[in-house]
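**Student:** got a structure for you, letters missing:
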Ligand SMILES: Nc1nc2c(ncn2[C@@H]2O[C@H](COP(=O)(O)OP(=O)(O)OP(=O)(O)O)[C@@H](O)[C@H]2O)c(=O)[nH]1
């Protein structure tokens, strides 16, 4: 099958401090020539001033570090690059203490996660956490890069051993596709170019893996879900009776003439027209932003969902989610939070912490009911009105929620529907 040219791939990087994330991203941008010449000249200059032979790869991501150090405006830095085969967005998640928070934010829309392991140290606690979160977030593809192979004499046994350690615990997780690559980010082995130091490795370098990864089958094309963001009522001549519903298709395909049901009201109608940008189209699919009109005049507002009549989500007011607590403040029991689900906002309360997960051992703890920063727990949530929900495994869009503190407006938790 041919790769969709210019199809966008989002990936996130995870590793503990000093595993070489900055070096790897620098190497990727440098060797794939995805950096502007003026930027490159400035990096070469600074490297020379620092007395470094060649370029200091960490300088490629230094801009991000400054941003981080100056009072954290963003948790995740996005970096774009293009090769002749594909466009990429890297969500660079600074991996120190707030690992869970950062991974959840950066990874929730990722097609792939790159997990770095230092060849000298092998699988460590953080590696297990990263793998667990990647599986929790249902990231379809994982690339495990065993880095710093130059420091272990490029030995095949070291790589094989780490691979086995990883597989020993990842087999307990639901990860669809895991690949392993031995690399040296510093020297450039198996990042963009094939390593001459590791002829024993039969696989492809990291960039080719990313370029050739099949991602179109990862999106849900079956369950059509369209949450209304805005109701369009242009007050212009010729638009007297026009009522369009604008939003982004979360999953599935919509065609003119399809029988639809509006939720939560349950009213039914047919699709009269679909507009994508300025163009009228016969069909549209996720993740397109569109507006549609219906054959009948129905009362629809923001947060309502238009679905196919023969395939509907569940309408629930009480449900279980796997929740990652993301705030410094602990969760307050029986407090009202704002819950955000697609374009729908309601009030919600955490009714119960069913169990917490120890992400090093994957054990469940049913006694501890507190929720602190980076905790992951299965909780029961109750909302003031019903939400239109799918399980997260089926639909990463309509199966996820966030909780927002009403006073501070901060996102305090992200949850995946069980
Ligand atoms: N020998 C060797 N050293 C490496 C390799 N990759 C990274 N390093 C070194 O490891 C140290 C840490 O690398 P960074 O890229 O800053 O690692 P990091 O801490 O994961 O990155 P950030 O968290 O984003 O700062 C630096 O001194 C790098 O030069 C490698 O493949 N081989």
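**Tutor:** Alright, I've got the coordinates. Note that the coordinates shown come from a computational prediction; the quantities given were computed from them, not determined experimentally.
**Student:** what's near enough to touch the residue in the stretch 201-350 of the chain that the ligand sits nearest to?
**Tutor:** The minimum distance from the stretch 201-350 of the chain to the ligand, using Cβ to the nearest ligand atom, falls at residue 206 (12.2 Å). (Glycine included, C-beta is placed from N, CA and C.) Listed by Cβ atoms under 8 Å, 6 or more residues apart in numbering, the contact partners of residue 206 are 28, 114, 143, 145, 181, 183, 190, 191, 192.
**Student:** Need these in CSV (columns: distance to the ligand and neighbour count).
**Tutor:** Converted to CSV, those look like this (distance: Cβ to the nearest ligand atom, whole Å; neighbours: other Cβ atoms under 10 Å):
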residue, distance to the ligand, neighbour count
28, 12, 27
114, 11, 26
143, 15, 21
145, 10, 28
181, 12, 24
183, 7, 28
190, 10, 27
191, 9, 27
192, 14, 19
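**Student:** any idea what the spatially closest residue to residue 82 that is not a sequence neighbour is structurally, helix, strand or coil?
**Tutor:** What sits nearest to residue 82 in space, not counting adjacent residues and going by Cβ to Cβ, 6 or more residues apart in numbering, is residue 34, at 6.5 Å. Assigned state for residue 34: coil (three-state reduction, DSSP: H, G, I helix; E, B strand; the rest coil).
**Student:** again with residue 85
**Tutor:** At residue 85, secondary structure determined by three-state DSSP is coil.
**Student:** What pLDDT is listed against it?
**Tutor:** Taken from the predicted model, the pLDDT recorded for residue 85 is 90.
**Student:** and the protein, which residues reach the ligand?
**Tutor:** 15, 17-23, 58, 95, 147-148, 150-151, 184-186 (Cβ under 6 Å from any ligand atom).
**Student:** Make a PyMOL selection of whichever of those turn out to be buried.
**Tutor:** In PyMOL syntax, the buried subset of these is picked out as below (16 or more other Cβ atoms under 10 Å):
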select buried, resi 15+19+20+21+22+23+58+95+147+148+150+184+185+186
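**Student:** picking up where we left off before, find me the pLDDT at the residue nearest to residue 82, would you?
**Tutor:** With respect to pLDDT, residue 34 has a value of 74.
**Student:** cool, residue 14 as well?
**Tutor:** 85.
**Student:** What of residue 389?
**Tutor:** 97.
**Student:** from what I can see it touches residue 317, true?
**Tutor:** No: the criterion here is Cβ atoms under 8 Å, and residue 389 misses it with residue 317 at 10.1 Å.
**Student:** out of those two, which sits in the more crowded spot?
**Tutor:** Counted by other Cβ atoms under 10 Å, residue 389 and residue 317 do not tie: residue 389 has more neighbours, with 22 against 13.
**Student:** is that one in a bridge, and if so with what?
**Tutor:** Per DSSP bridges, the residues bridged to residue 389 are residue 314.
**Student:** Tell me who's in contact with it.
**Tutor:** Contacts of residue 389 (Cβ under 8 Å, 6+ apart): 313, 314, 315, 316, 319, 341, 398, 399, 417.
**Student:** Nothing else from me, thank you.
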